[in-house]
Every structure is written in structure tokens, then in C-alpha cells.
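Colleague: My questions are about this predicted structure, shown below with the sequence.
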Amino acid sequence: MDAAGATAVDQAEGLPPPKTLVDWALQILDTADPDEKARLGDLAATQWLRGAIPLPYDPAQSPRAPPDRPARSDAVRLLPPSRMPKLGKGGSAQSRLAMLHSLAHTESWAVDLSWDIVARFGAQLHMPREFFDDFARVAQDEGRHFAVLSARLRELGSHYGALPAHDGLWDSAMSTSHCLLARLAVEHCVHEARGLDVLPTTISRFRAGGDEQTAKLLEDIIYPEEVTHCAAGVRWFRYLCLRPRTSDPIIHPIPESKPQSSELPESGTAIIKRFHSIVREHFRGPLKPPFNTEARKAAGFEPAWYEPLAVKEAETQTIEPREV
């Protein structure tokens, strides 16, 4: 860790500088300001991936449990999801601002979700270093996404917190706080994948409304990186299913996102069935097509994983899309 980074954290929080990645994650979760949360997350991920943070966690100590709810700015007025105003379809400047604000809010929570998975499960399950690498990168991406969306709101004469928002995404995180498999399935393989399904339409709406700058921001920066976030969920879900309970996680091989030819068909089928079972238990309602099969495939997420969980085509007209 460089001295400037350590000093900034020390002065900002009045605490000793973090020593491990889990320490950093806990400090970021305790930071309320969304811009500072993203900045510290970028600093932590950069230092970790450069090797300047020596350990993911201290094996000699029991890490502090992450908060049930991360520190959040009170500048954002929260409403129950059922009371949120409709975003519209981007046909007006007001609708496009509402869509952009909703995206920024989702990304701000994604920062917390990424650091929470590091702090809540990494040490507890003795996950290998690659797990910490992946979710540090995801957290860094999400912080960058929030920063560029927040900046775009300001360019358009608004700001993050100008409109109400809801915290349904964190509600689902809490329902899976006891189980990493469930967290990966719901947050990364349902919510993240749903984001891949709706982003092309969102991009088209900004473009049709004449906001090419926001459309390009979503198309060139956020969309391709969200594919890798879904891939991380698939990869670590498979890892946990395949890891023998008695194995050393440091030396157990890390599966790729996409099934390998050497994988027995029975094991792949068993993993998918387990995924179906977990999603049905922890996610409210069926998945809603149409699916972005190309982006999902790029993430190693084949139709056999999600099509059996989908609502029947005849029912799609009566079910409201779930905002993620």
C-alpha cells in the first residue's frame, strides 16, 4: 500500500490503515459517501492486484463480521419498491434522467455487494486468492460505473440523490447472507444476468432520445464489464459445487466459467440442478424472458441454467419486469 493511500484512509476514518483486503472491504462498507466509497474501492483493488496488500485476510484472527447494512448516504430518499415512480421508456428528458439515476443507484449498491462478498465469505470459507482477485476487480468496475454515471447526471444538470430510489437489491443480498452459493446464484446469475438482458434496450432508448453520450457510456464501458461480473458468479458457483469439502482450497483447481470438455456430464447436470434449486428457494418468482443469450453465453451461462426457471411465454404479458 502506498503511503498516500494509507494516510488518506487513516485521516478519513480515524482508524489504523487496513492491512488485509478484508480489512479494506470492511472499511469501505463503513463509508457512507458514495463517491468516497467508490474511490476507496478503486484504491483497495489497485493495491491488491499490484500485490501491495500482502494477505486477503489474517488467518490468525477472526475477521469482524460485515454490517447487516453498509453505511449509506442519507442524501438519497428511499421509497419501498412498490411506491417508486415509473421510470418511463426514455421518451422525455425527465424519463432519461430517471433511468440514469436508477442505474447510478444500482451501481452504488453493486460496490457494496462486491465488497460484502469479500468480507462476508472470503475468510469464512477459506476461498483461494483468485476469488479475491475476481471480486476486487468487480468492485473496482462497479465503482467506476457509479462514478461515470454520477458524473453524467451532473453534466445533465442533476445529481445522484436528486430522485428517490429503493434498496430492493440489498434486501435480496440479506436473504442470501448465510450462503455464498445462494449469494452467487441470486446476485450474480439472476440480477447481473437480468442487467445483461435489459441493457441493450436501455442503450437504444437513450440513443433514440438523442443522448448518444450516455448510450456510448453504457455500450462501451458498462455493458462489456457486466458480462465479466456474471461470469464471476458462474465461475465461483461451479467452483464451490466441485470443491471437495476436505480439499485445500488454495490448491484445488479453479474452474473456468465455461464447462470444460473433461467435465463429466453428470457433474455439470448436478451443478445446474443445484442452481435451479437455490434460485427457486431464494428468488421471488420466475425469470422473465426475453434473454440476452449472446451476452449470457459469453459469461459461460448457457440456456440450460436459466430457461427452466423462466416464466412461460403466455404469462409474460401479465408480469411486470423486475427492476434490478
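Modeller: Perfect, thanks for sending it. Numbering: from 1, shown residues only.
Colleague: For stretch 117-133, the averaged confidence score.
Modeller: In this model, stretch 117-133 has a mean pLDDT of 96.
Colleague: and H145, what is it in contact with?
Modeller: 107, 110, 221-222, 225 (Cβ atoms under 8 Å, 6 or more residues apart in numbering). Every residue, glycine included, has its C-beta placed from N, CA and C.
Colleague: what does L49 give?
Modeller: By Cβ under 8 Å, 6+ apart, the neighbours of L49 are 133, 136-137.
Colleague: Looking at those residues, which are in helices?
Modeller: Among the contacts of L49, the ones falling in helices (DSSP state H) are 133, 136-137.
Colleague: Which one of these is nearest to I117?
Modeller: A136 (10.5 Å; Cβ to Cβ).
Colleague: Distance-wise, check the nearest residue to the closest one once chain neighbours are set aside relative to L242.
Modeller: Excluding the flanking residues, the one nearest A136 by Cβ to Cβ, 6 or more residues apart in numbering is A45, at 4.2 Å. Going from A45 to L242 by Cβ to Cβ, to the nearest Å gives 27 Å.
Colleague: higher neighbour count, these two?
Modeller: The neighbour count for A45 versus L242, taken as other Cβ atoms under 10 Å, is higher for A45 (27 against 17).
Colleague: mind listing the helices in this structure by residue range?
Modeller: 3-13, 21-29, 34-50, 93-117, 129-155, 168-175, 180-183, 192-208, 212-217, 223-242, 265-282, 293-298, 303-306.
Colleague: hey, which of these is tucked in deepest?
Modeller: Burial of these is given as mean neighbour count (mean count of other Cβ atoms under 10 Å); helix 21-29 ranks first at a mean of 26.
Colleague: between the helices of the chain, which one is nearest to S82?
Modeller: helix 168-175 (9.8 Å).
Colleague: same for the closest one, what does it pack against?
Modeller: helix 93-117 (3 or more Cβ pairs under 8 Å, 6 or more residues apart in numbering; DSSP states H and E).
Colleague: what's the angle between the helix it packs on and helix 223-242?
Modeller: Interaxial angle, helix 93-117 versus helix 223-242 (axes from the mean of the first three to the mean of the last three Cα atoms, to 10 degrees): 30 degrees.
Colleague: So which other helices or strands are in contact with helix 93-117?
Modeller: Using 3+ Cβ pairs under 8 Å, 6+ apart: helix 93-117 touches helix 21-29, helix 34-50, helix 129-155, helix 168-175, helix 192-208.
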